[in-house]
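Trainee: Just the structure for this:
(chains A and B)
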Amino acid sequence: MDLFLQYMANGVVIGSTYVLVAVGLTLIFGILGVVNFAHGEFYMIGGYAGIVAITVLKLPVLPAIAFVLLVAAVVGIAAEAILHKPMKNHDATSSIISSFGLAVALQNAALVVMGPQPQRLNLDVSKIPVLSSLPTDFGPVFLPQQRLLIPIATVLLIAILYVVLRYTWTGRGLRAMAQHATVARLCGVRVERVAIVTFITGAALAGTAGMLMSSVFFVYPIVGNMIALKAFTVVILGGMGNVAGAAVAGLLLGITESLTSAYISNAMRDVVGFVFVILVLLFRPQGLFGKAVERS
Amino acid sequence: MLKVDSIVAGYGRTRILHGVSLEVPKGGLVALLGGNGTGKSTTLKAIVGLVAVQEGQVVLDGKVINDVPAEQRASLGLSLVPQGKEVFAGMSVEENLLMGAYHRRRDRQGIASDLEGVYQRFPRLKERRKVNAGMLSGGERQMLSIGRSLMARPSVLLLDEPSAALAPRIVEEIAEAILGLRDLGLTLLLVEQNVGMALDIADHIYVIRGGRIAYEREVGDGIAMEELQEFYLGGQEH
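Mentor: Numbers count the residues shown, from 1 in each chain, chains lettered A, B, ... in the order given. Next up, the predicted model:
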């Protein structure tokens, strides 16, 4: 029983990463209709940006986070210019193909710049003011601060995203665009601005996830491949374009993987999510939490 | 106020409008009538900028607005109440109304008082303000759609078939609401298939056929229903 709680906690940590990556992916799809296969690379770039900021530039943690967000914003703007702007009037298939291309280009760029060897961020938590004072033992569960930080940051970021989407004009404009692009335009919502904001948000969430995870797992040029597949799993489970669904499904996937690897076999860990996806697509294609809605 | 001067427009290579001209004077209520596929909706889309005008001009307040993008026309005072009672189904009634004021979102006080104004005009919407717009009935959606346009503080309001797919009793309610808009001093262009309703409330009508204006007349100087039907239902062209 003691270990069960530890497995759950591990699942929540990894699931939080899935949430951060998948929420951006589902936003980009829901609002802009872009299927972004380069989303895993946003995560990879976030990881490398974190490593560069802390080990190369020797920045303290907060400026390092700002650096990662800045890099993510630039990546988001560039990705919008490549994946959305020239292809707004095409269907989603064009974005699938071009984002595959972008993913390969970014992976190879990372290979050239950062090299093939896996790297990890050695974060010395004892030097970080608030973080070092956090507890690491929760009854039977042990979570080092680097790991504990991940669900905390996820809750914080998702809460901020929720407030922005619900209570600000920008958020209202984004949701209106997702629901009815034409009427939103007639209300004065500018598609180009919405697109840029959406891509920056997606890249920032995934980039933060990459940075946080880089102190737990290795970062390497093609690390984004598996993450992107996991994020797509989460997006399909949660219902395409459904932010709350992605948040719940991300945690569920993380926990399921952790329990599978603990009680069934570690080799099954990456398989179980895809089995779910196939079942969901067969029996509940709108996703676990999606409503079947007619599109106009 | 609003002038459409021999516009040619369509989708891709398909031309729908072959030189449509019409004029809506300030404070007027003009109806554009026509059957399915005659170019009624396309005319409205061309006016609000959703369809590019290939030839001719759309003139608002003496200014040619052909090149103004659709998302900037709301701030010029042009607002479309779209066909099919289109609302943001997953957002609350109040959020839908607020979206109408998106282009003037910094005007907090004005928005609050306009919201109150819309609620007074359509008390049903106030009762249901927290409800998701997708849950509303057809008539309520139409009111919401009109309310959202009012939140834009338009000078010219375009209504695309407000009576479509509504029960006769509700159509009467909508017709009254439209007359109420005229009393506000709005300039109105109404696109309709419902000839009876249009003749009841409009002061000038145009009939469009095959992408051209086929007939035009003041209402009130004794329109012969047969004469109108001939154009509307497709008698010989004149």
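Trainee: Tell me the helix or strand right after the helix or strand hosting residue B:177.
Mentor: Residue B:177 belongs to helix B:168-183 when assigned by DSSP states H and E. Later in the chain than helix B:168-183, the nearest helix or strand by DSSP H and E is strand B:187-192.
Trainee: where does the stretch 151-296 of chain A come near chain B, residue by residue?
Mentor: A:169, A:172-173, A:175-176, A:179-180, A:182-191, A:293, A:296 (CB under 8 Å from any CB of the partner chain). (Glycine included, C-beta is placed from N, CA and C.)
Trainee: let's see 7 Å
Mentor: A:169, A:172-173, A:175-176, A:179-180, A:182-183, A:185-190, A:296 (CB under 7 Å from any CB of the partner chain).
Trainee: and of these, the nearest to chain B?
Mentor: residue A:188 (3.0 Å; CB to the nearest CB).
Trainee: Any regions of the chain where pLDDT drops low?
Mentor: You didn't pick a chain, so chain A it is. Within chain A, the ranges that satisfy pLDDT under 70 run A:1, A:290-296.
Trainee: Please refer instead to chain B.
Mentor: In chain B, residues with pLDDT under 70: B:84, B:221-238.
Trainee: With residue A:40 as the reference, measure out to residue A:29.
Mentor: Note on residue A:29: its distance to residue A:40, by CB to CB, to the nearest Å, is 14 Å.
Trainee: Tell me, how many residues neighbour whatever residue of chain B ends up closest to chain A?
Mentor: Nearest residue of chain B to chain A (CB to the nearest CB) works out as residue B:103 at 3.0 Å. Residues lying near residue B:103 (other CB atoms under 10 Å in any protein chain shown) number 23.
Trainee: now the strands for chain A?
Mentor: A:137-138, A:141-142 (DSSP state E).
Trainee: Would you tell me what helix or strand residue B:7 is located in?
Mentor: In the assignment (DSSP H and E), residue B:7 maps to strand B:2-11.
Trainee: Partner strands of the helix or strand just after that strand, with direction?
Mentor: Counting by DSSP H and E, the next helix or strand C-terminal to strand B:2-11 is strand B:14-24. Sheet pairing here is set by DSSP bridges, and for strand B:14-24 it gives strand B:2-11 (antiparallel).
Trainee: Give the buried residues for the partner strand.
Mentor: Using 16 or more other CB atoms under 10 Å in any protein chain shown as the burial criterion, the residues of strand B:2-11 that qualify are B:2-5, B:7-10.
Trainee: before we move on, the earlier item: pick the most buried one from the strands of chain A.
Mentor: Greatest average neighbour count among the strands of chain A goes to strand A:141-142 (a mean of 14), per mean count of other CB atoms under 10 Å in any protein chain shown.
Trainee: Residue numbers of chain B in contact with chain A?
Mentor: So chain B meets chain A at B:48, B:50, B:70-71, B:74-75, B:80, B:82, B:86, B:88-91, B:95, B:98-100, B:102-103, B:105 (CB under 7 Å from any CB).
Trainee: Which of those residues fall within helices?
Mentor: B:48, B:70-71, B:95, B:98-100 (DSSP state H).
Trainee: what would the residues you listed look like in TSV with distance to residue B:181?
Mentor: Shown next, in TSV, are those (distance: CB to CB, whole Å):
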residue	distance to residue B:181
B:48	17
B:70	22
B:71	23
B:95	22
B:98	20
B:99	19
B:100	14
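Trainee: quick one on the thing from earlier: in a markdown table, list the strands of chain A along with distance to residue A:224.
Mentor: Converted to a markdown table, these look like this (distance: least, CB to CB, whole Å):
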| stretch | distance to residue A:224 |
| --- | --- |
| strand A:137-138 | 31 |
| strand A:141-142 | 29 |
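Trainee: Generate JSON lines for the ones you listed, with distance to chain B as supplementary columns.
Mentor: Output for the strands of chain A, formatted as JSON lines (distance: least, CB to the nearest CB, whole Å):
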{"stretch": "strand A:137-138", "distance to chain B": "38"}
{"stretch": "strand A:141-142", "distance to chain B": "38"}
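Trainee: Of all the ones you listed, which one is nearest residue A:130?
Mentor: Proximity to residue A:130 (CB to CB) singles out strand A:137-138 among those, at 17.4 Å.
Trainee: just how off-centre is the closest one within its chain?
Mentor: Distance of strand A:137-138 from the chain centroid (CA atoms, centre = their mean, to the nearest Å) equals 27 Å.
Trainee: Check stretch A:124-142 too.
Mentor: 24 Å.
Trainee: Show residues contacting it.
Mentor: Outside stretch A:124-142, the residues within contact range by CB atoms under 7 Å, 6 or more residues apart in numbering or on different chains are A:2, A:5-6, A:9, A:61, A:143-146, A:148-149.
Trainee: Pull out the buried residues from it.
Mentor: So stretch A:124-142, judged by 16+ other CB under 10 Å, has buried residues A:125, A:128, A:131, A:141.
Trainee: Over to stretch B:88-99?
Mentor: B:88-99.
Trainee: Adding distance to residue A:236, write these out as TSV.
Mentor: Conversion of these to TSV gives the following (distance: CB to CB, whole Å):
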residue	distance to residue A:236
B:88	24
B:89	22
B:90	19
B:91	24
B:92	28
B:93	31
B:94	32
B:95	28
B:96	29
B:97	34
B:98	32
B:99	29
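Trainee: So which of the residues you listed is the closest to residue A:96?
Mentor: Using CB to CB, residue B:90 comes nearest to residue A:96 of the buried residues of stretch B:88-99, at 25.3 Å.
Trainee: Leaving out the residues flanking it, which one is nearest to that closest one?
Mentor: Among residues not flanking residue B:90 along the chain, residue A:179 sits closest, at 5.4 Å (CB to CB, 6 or more residues apart in numbering or on different chains).
Trainee: before we move on, the earlier item: the strand holding residue B:7 to strand B:187-192, inter-axis angle?
Mentor: Strand B:2-11 runs at 40 degrees relative to strand B:187-192, counting by axes from the mean of the first three to the mean of the last three CA atoms, to 10 degrees.
Trainee: Please export the C-alpha coordinates of strand B:2-11 as PDB.
Mentor: The C-alpha trace of strand B:2-11 is given here as PDB (Å, rounded to 0.1, in the frame of the first residue of the first chain):
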ATOM      1  CA  LEU B   2     -25.100  52.700 -46.700                       C
ATOM      2  CA  LYS B   3     -24.700  52.500 -50.400                       C
ATOM      3  CA  VAL B   4     -23.900  49.400 -52.500                       C
ATOM      4  CA  ASP B   5     -22.800  50.500 -55.900                       C
ATOM      5  CA  SER B   6     -22.900  47.800 -58.700                       C
ATOM      6  CA  ILE B   7     -20.900  45.200 -56.800                       C
ATOM      7  CA  VAL B   8     -19.600  42.000 -58.300                       C
ATOM      8  CA  ALA B   9     -18.700  39.300 -55.900                       C
ATOM      9  CA  GLY B  10     -18.600  35.600 -55.400                       C
ATOM     10  CA  TYR B  11     -16.600  32.600 -54.100                       C
END
